[in-house]
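> Need coordinates for the below:
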Amino acid sequence: MASDRTMEFPQIIDLNVGGRHLSTRISTLTKYPDSKLADMFSGEDVMPKDKDGRFFIDADGDVFAHILNFLRYEMLPPPDQAVAVHKYAKIFGIKLLRTKHLQWGPVFAQALRDNWKRGIAGYDDCLNQLREGLMASRYQSGVLYIQFSDSSQHMFTLCKVAGIPEGHQVINVKYSSSTTDGSNLVHFLNEDLKRIGVHLQPGDFRPEPKCGCRVALRYMIKHE
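The predicted structure follows:
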């Protein structure tokens, strides 16, 4: 039955992947029968087509091209594309590609960072505090300060840190130093902030010892 359904597709498949035109064999797309990609071309579901009759996949064509090269020749992508291709390997269910990726370079390093990040107690809560602060500031361009403080030792309502100019947005983030390594917390939060255009400025600002804040840092919001 499965082979009959596959025969509904021509042997050579013309694809439109996010606007990029690619061609390959049906046998390449269905190489791994347990993958989502094979399911898409099993004949059980109707695949959408563009105005020229190409089968349409709503994805980044440049990244998907590396998926096809792996299916054809087990060729791994260049390092600068590795993380994006690994994500697509997960989306389309190419398990062998995910396994090979985890054995080398950028994807392995990214996996280690993600595992480390997940191990930071309260990380998601701190990230949510930052998001709420950015929303409150309407995420406008300009300078803001982020203060990280041990929630068990300090009340932000009593804090007026000398050195932060009047009129600047200050986002207060509370965490528990008894369960969280503050330096790792700030490092990973900076990585995630950078992805949305919030950049740590050179010469990080640290408050006077009399202030209970563990650290106060100066950021620039840049809409990119």
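> how close does residue 135 get to residue 128?
As judged by Cβ to Cβ, to the nearest Å, residue 135 and residue 128 stand 10 Å apart. All C-beta atoms are positioned from the backbone trio N, CA, C, and that covers glycine.
> In this structure, what residue spans correspond to strands?
Using DSSP state E, the strands assigned to the chain run over residues 12-17, 20-25, 55-57, 142-150, 169-175, 198-200, 215-221.
> For residue 27, which residues are in contact?
residue 11 (Cβ atoms under 8 Å, 6 or more residues apart in numbering).
> and if we set it to 6 Å?
Applying Cβ atoms under 6 Å, 6 or more residues apart in numbering, we find residue 27 in contact with no residue.
> thinking again about what came up before, just give me the lowest mean pLDDT stretch among the strands of the chain.
When the strands of the chain are compared on mean pLDDT, strand 215-221 scores lowest, with a mean of 75.
> buried stuff in that one?
By neighbour count with 16 or more other Cβ atoms under 10 Å, strand 215-221 contains the buried residues 215, 216, 217, 218, 219, 221.
> excluding its backbone neighbours, what's nearest the second one?
So the one you mean is residue 216. Counting by Cβ to Cβ, 6 or more residues apart in numbering, residue 216 lies nearest to residue 147, which is 4.5 Å off, once chain neighbours are set aside.
> which residues does that neighbour bridge with?
Bridge pairing for residue 147 (DSSP bridges) gives the partners residue 172, residue 216.
> Hmm, it is touching residue 174, no?
No: assessed by Cβ atoms under 6 Å, residue 147 is found out of contact with residue 174, at 9.3 Å.
> So for the two, which residue has more residues nearby?
It is residue 147, of residue 147 and residue 174, that has more neighbours when counted by other Cβ atoms under 10 Å, with 23 against 17.
> So the more buried one versus residue 67, what's the distance?
44 Å.
> Residue 45 now?
In terms of Cβ to Cβ, residue 45 sits 19 Å off from residue 67.
> Give me the more crowded residue out of those two.
Legend: neighbour count by other Cβ under 10 Å for residue 45 and residue 67, higher for residue 67 (23 against 9).
> If you drop the residues flanking it in sequence, what lies closest to the more buried one?
Looking at residue 67 with Cβ to Cβ, 6+ apart, the closest residue is residue 88, at 5.6 Å.
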